[in-house]
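Engineer: The following block contains a protein sequence and its predicted model.
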Amino acid sequence: MILSAVVCCFAASSHARAAARDSTAYPTKPIRVIVGFAPGGGTDIATRTLGGKLAESLGQPIVVDNRPGAGGQIGNALAASAAPDGYTLLMTTSAIAINASLVPRLPYDTDRDLTGVGRICQGPLVIACRPDKPWKTLGDVMQAAKAQPGKLTYASSGNGSAVHLGAELLKMMAHVDLTHVPYRGAGPAITDVLGGQVDLIFATAGSVYKFVQAGRLRALAVTSGSRSEAYAGVPTVAEIVPGYSAEVWYAVLAPSGTPQAIVQQLNTALKKAASGAAYRTALEREGLKVIADSPQEMAAFLRAEEARWRKVVTEAKITID
């Protein structure tokens, strides 16, 4: 009995030391980062921009694995079912918080199957129109919408997208009625707004930036809590509708069960990579700003986002049919 107990204790101690060595040695091979969106999109660009610096910090290559489809659900599910060893990560967006309430039967449970490593950046949406439209400010749009409910139309990059929900949140808080015209992506939405088929557009800051700079679109407001450096002089929605805020964010998650020491090591590497001047400049060109939070802050933020968008989905009766 005594010998058996000694052997068991020795074995347990050996396993503990081995685990400690493995954690200390991490990483010893390339790290796969799953992106649930197509190459060339905002999430893919953010991942590849960050990946080079992250590889330098961790001493291993970062392999981007694009798995587009179903609003990021395919990539999310793949990451959620991966081994929790730190060698498979997920780059996700605010869509993951929206899908938690928008999609009835997800192939994964965000809170149960994934754990936050950290946010890397976030940025506002932009409300814009053609410069020949009569509205000079968002206040003008609100007045027109209240005078003729449902007449004004707005384009978004898709039903159930972050920009769609950002617009619906504005409608709820400002008590106005705008008619949603969803598109399959920002490109065709912008084309129809430029062509005059739709009155307004809600879009990510990066997707309309060049059109605003060229004078082909007039930026009426940004949806962040404070004004955007990329859109100097453009007021926030909150200046018209107090308390309003809706931003697109990007974050890295790992499968649940990933050792906390590895999660913390990855978080430290993310912060170091995101602090570089080149990365910061690249983000600023897209209207984004660096965010460097802890895994614990990321977890709390994600829960808060899920609750906030669940309320919007429920009250606006949004579906993805």
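Structural biologist: That came through, no problem.

Engineer: Domain parsing of this structure, as residue ranges.
Structural biologist: What automatic domain parsing lists as the domains of the chain is 31-122+248-316, 124-239.

Engineer: measure the longest one end to end?
Structural biologist: Think domain 31-122+248-316. 40 Å (C-alpha to C-alpha, to the nearest Å).

Engineer: Kindly report the same for stretch 196-214.
Structural biologist: 17 Å.

Engineer: What residues sit buried inside it?
Structural biologist: 198-209, 211-212 (16 or more other C-beta atoms under 10 Å). Every C-beta, even on glycine, is put in place using the N, C-alpha and C of the backbone.

Engineer: tell me the strands in the stretch 201-321 of the chain, going along the chain?
Structural biologist: 218-222, 247-255, 289-290 (DSSP state E, counting those that start in this stretch).

Engineer: Out of the ones you listed, the one nearest P30 is which?
Structural biologist: P30 lies closest to strand 247-255 among the strands of the stretch 201-321 of the chain, at 15.4 Å (C-beta to C-beta).

Engineer: picking that back up, would you list the strands of the stretch 201-321 of the chain in JSON lines and tack on mean pLDDT?
Structural biologist: Formatted as JSON lines, these follow (pLDDT from 0 to 100):
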{"stretch": "strand 218-222", "mean pLDDT": "97"}
{"stretch": "strand 247-255", "mean pLDDT": "94"}
{"stretch": "strand 289-290", "mean pLDDT": "87"}
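
Engineer: S81 is nearest to which of these?
Structural biologist: Closest among those, once you apply C-beta to C-beta, is strand 247-255, at 7.5 Å.

Engineer: What pLDDT does the model give the nearest residue to F211 once chain neighbours are set aside?
Structural biologist: Distances taken as C-beta to C-beta, 6 or more residues apart in numbering place L217 nearest to F211, at 4.3 Å, with adjacent residues excluded. Looking at L217, its pLDDT stands at 97.

Engineer: where's L217 relative to D44, distance?
Structural biologist: For L217, the distance to D44 equals 24 Å [C-beta to C-beta, to the nearest Å].

Engineer: The domains of the chain into CSV, with extra columns for distance to A25?
Structural biologist: CSV is the format used below for the domains of the chain (distance: least, C-beta to C-beta, whole Å):
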stretch, distance to A25
domain 31-122+248-316, 11
domain 124-239, 38
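
Engineer: Now the weakest link among those domains, please, by mean pLDDT.
Structural biologist: Minimum mean pLDDT among these: domain 31-122+248-316, a mean of 90.

Engineer: Work out the gap between that one and the centre of the chain.
Structural biologist: 7 Å (C-alpha atoms, centre = their mean, to the nearest Å).

Engineer: Quickly check the buried residues of stretch 196-214 for the two that are furthest apart.
Structural biologist: D199 and G206 (21.9 Å).

Engineer: Scan this protein for its longest strand.
Structural biologist: strand 114-129 (DSSP state E).

Engineer: moving C-terminal of that strand, what's the next helix or strand?
Structural biologist: helix 138-147 (DSSP states H and E).

Engineer: helices or strands up against that next one?
Structural biologist: strand 114-129, strand 218-222 (3 or more C-beta pairs under 8 Å, 6 or more residues apart in numbering; DSSP states H and E).

Engineer: Measure how that helix sits relative to strand 218-222, angle-wise.
Structural biologist: 90 degrees (axes from the mean of the first three to the mean of the last three C-alpha atoms, to 10 degrees).

Engineer: Perfect, that will be all.
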